[in-house]
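*Asks:* I would like to see how this sequence folds:
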Amino acid sequence: MNIIDELEWRDAINQQSDSEGLRELTEQKSISLYCGVDPTGDSMHIGHLIPFIVLKRFQLAGHRPVILIGGATGTIGDPSGRQTERSLQTMEQIQANVDALSAQMKKLFMTEGDNQVRMVNNYDWTHKINVIEFLRDYGKNFSINTMLAKDVVASRLETGISFTEFSYQILQSLDYLHLYRHEDVQLQVGGSDQWGNITSGLDLIRKKEGTEAKAFALTIPLMLKADGTKFGKTAGGAVWLDPNKTTPFEFYQFWANTDDRDVVKYLKYFTFLNQEQIAELDEKVKTEPHKREAQKTLAEEMTRFVHGDEMLEQAKRITAALFSGDIKSLTADEIEQGFKEMPTFEATKESKNIVDWLVDLGIEPSKRQAREDITKGALSMNGEKVTDLELEVTSGHAIGGRFIIIRKGKKNYSLVKLT
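*Replies:* Purely as a prediction, here's the structure:
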């Protein structure tokens with residue numbers, strides 16, 4: 001299957017500058033293509049993954065991806081999708097973010113072979129251009145009227161936009177021209193909000209290189225959930241690729257909790273499963289939705305892709321332990337991941353009667369309630385029922401010397417940290 005046919009089947013194309021021309025080009029040869037991300041933070045979130053998944057598909061089809069980290073454009077701020085100006089970061093912070101994002105990208109893309117990923121930073125060529133050169137050689141090619149008509153600028157005219165952010169599309173266009181000339185890049189991929197910036201780059205290439213220059217644009221649809229809300233957001237905020245910001249367990253759970261109405265769409269878009277495999281899972285969603293096979297597969301594929309097999313197995317162990325109540329099978333590090341969002345209490349390592357301990361921590365409202373819960377078998381410690389009212393809680397009960405898990409009823413967990 002041609003890569004464009006595959007992207008169409010996966011509903012991964014929003015707009016193209018020349019669909020037939022790009023299809024013909026990708027059938028004739030292996031092309032170089034690029035997608036960029038600005039270092040506004042030290043980690044990408046899953047929303048950033050959307051165009052890069054397309055870049056990865058091109059790589060697996062034998063094409064050559066170029067990833068641009070915007071060390072220069074990141075100092076300016078992309079106005080796309082914003083109603084206010086971005087806060088400018090220091091050059092030191094931007095460089096730290098460049099390094100962090102580069103490391104994440106190298107984990108996701110093949111870094112060896114003929115079609116290995118190439119990493120570039122637009123600061124390398126942009127910082128050499130002086131202001132006169134920028135205005136004469138590049139600014140002269142842009143019409144203010146055309147720039148004002150671009151959605152990204154037009155949407156900001158009422159609230160205001162600085163000359164700095166207004167000039168962003170010139171810098172991004174310059175990137176495409178540079179990569180066309182020096183990296184043989186013929187396609188830029190981006191989110192739907194990047195259409196104006198990308199087509200500005202096409203215009204610049206044709207003005208500088210001639211109208212017959214073979215350069216193309218492709219954007220990705222805006223990803224919305226079935227309920228109409230934006231994909232990738234949770235009550236706790238963004239779902240990050242950095243395991244220190246979003247643990248592999250939380251990452252796994254995000255995908256595992258996908259709505260039945262969205263799961264096949266996500267399987268097609270985010271995973272590298274083939275049509276037959278996805279069709280089988282689609283059928284299971286219709287006939288056996290309670291088994292959630294599609295969601296489990298989605299969670300496994302995405303966690304493996306971003307975090308690797310070891311972290312996937314850890315996320316599955318935590319999930320299984322929480323479901324079964326077999327808490328003792330987990331390590332202290334796994335407990336820290338799995339119980340991160342649960343009520344947390346701190347206790348000293350001093351020995352104390354179970355009833356007093358529960359009340360002093362605030363897990364139980366009174367000694368009477370604590371005794372009642374223990375007597376009825378409604379309370380467990382580290383997955384084992386507590387039935388002895390005289391039990392002394394000691395540091396020996398702590399898993400890894402750090403955590404004790406108390407459960408009341410079936411789902412009411414509390415995490416106790418020993419200090």
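*Asks:* now the helices for the stretch 251-400 of the chain?
*Replies:* 260-270, 275-287, 293-307, 309-324, 332-338, 354-361, 367-375 (DSSP state H, counting those that start in this stretch).
*Asks:* how far is the fourth one from where the chain is centred?
*Replies:* It stands for helix 309-324. Averaged C-alpha coordinates place helix 309-324 at 20 Å from its chain's average position (C-alpha atoms, centre = their mean, to the nearest Å).
*Asks:* between that helix and helix 293-307, how many degrees?
*Replies:* Between helix 309-324 and helix 293-307, the angle comes out at 140 degrees (axes from the mean of the first three to the mean of the last three C-alpha atoms, to 10 degrees).
*Asks:* So which bits of helix 309-324 are buried?
*Replies:* 311-312, 314-319, 321-322 (16 or more other C-beta atoms under 10 Å). Yep, even glycine has a C-beta here, placed from its N, CA and C like the rest.
*Asks:* next one: the shortest one
*Replies:* When burial is assessed from 16+ other C-beta under 10 Å, helix 332-338 yields the following buried residues: 334-338.
*Asks:* Save those residues as JSON lines, and put in pLDDT and distance to Gln116 too.
*Replies:* Below are those laid out as JSON lines (pLDDT from 0 to 100; distance: C-beta to C-beta, whole Å):
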{"residue": "Glu334", "pLDDT": "90", "distance to Gln116": "34"}
{"residue": "Ile335", "pLDDT": "89", "distance to Gln116": "39"}
{"residue": "Glu336", "pLDDT": "87", "distance to Gln116": "36"}
{"residue": "Gln337", "pLDDT": "86", "distance to Gln116": "33"}
{"residue": "Gly338", "pLDDT": "86", "distance to Gln116": "37"}
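*Asks:* which one of those residues sits closest to Gln188?
*Replies:* Gln337 (37.7 Å; C-beta to C-beta).
*Asks:* who's in contact with the closest one?
*Replies:* Contact analysis of Gln337 by C-beta atoms under 8 Å, 6 or more residues apart in numbering lists 247-250, 314-315, 318.
*Asks:* Now the two most distant members of the residues you listed.
*Replies:* Across the contacts of Gln337, no pair lies farther apart than Glu250 and Gln314, at 11.9 Å, counting by C-beta to C-beta.
*Asks:* Please state the mean pLDDT value computed over the host helix or strand of Ser102.
*Replies:* Using DSSP states H and E, Ser102 falls within helix 91-108. Across helix 91-108, the average pLDDT comes to 92.
*Asks:* Skip the chain neighbours and tell me the closest residue to Phe109.
*Replies:* Val117 (3.8 Å; C-beta to C-beta, 6 or more residues apart in numbering).
*Asks:* The one you found against Lys107, yeah?
*Replies:* No - taking contacts as C-beta atoms under 8 Å, Val117 lies outside contact range of Lys107: 10.6 Å.
*Asks:* Could you list the low-confidence segments of this structure?
*Replies:* 81, 233-236 (pLDDT under 70).
*Asks:* go again using 80 as the cut-off
*Replies:* For the chain, the stretches flagged by pLDDT under 80 are 1, 78-87, 110-115, 150-152, 158, 230, 232-237, 324-325, 341, 410-411.
*Asks:* Nearest residue to the middle of it?
*Replies:* Nearest to the geometric centre of the chain sits Ile46, at 1.7 Å (C-alpha atoms, centre = their mean).
*Asks:* Contact partners for the closest residue to Pro221 other than its chain neighbours?
*Replies:* In this structure, Pro221 finds its nearest non-sequential neighbour in Asn14, 4.3 Å apart by C-beta to C-beta, 6+ apart. When contacts are counted by C-beta under 8 Å, 6+ apart, Asn14 touches 192, 195, 219-222.
*Asks:* ok, 6 Å please
*Replies:* 192, 219-221 (C-beta atoms under 6 Å, 6 or more residues apart in numbering).
*Asks:* Next one: the residue lying closest to Asp78 once chain neighbours are set aside from Ser380, what distance?
*Replies:* Excluding its sequence neighbours, the residue lying closest to Asp78 (C-beta to C-beta, 6+ apart) is Tyr168, at 5.5 Å. From Tyr168 over to Ser380 the distance is 56 Å, taken as C-beta to C-beta, to the nearest Å.
*Asks:* and if you look at Asp184?
*Replies:* From Asp184 to Ser380 the distance is 63 Å (C-beta to C-beta).
*Asks:* Then Ile335?
*Replies:* 15 Å.
*Asks:* hmm, back to that, looking at the buried residues of helix 332-338, spot the one nearest Pro243.
*Replies:* Once C-beta to C-beta is applied, the member of the buried residues of helix 332-338 that ends up nearest Pro243 is Gln337, at 9.0 Å.
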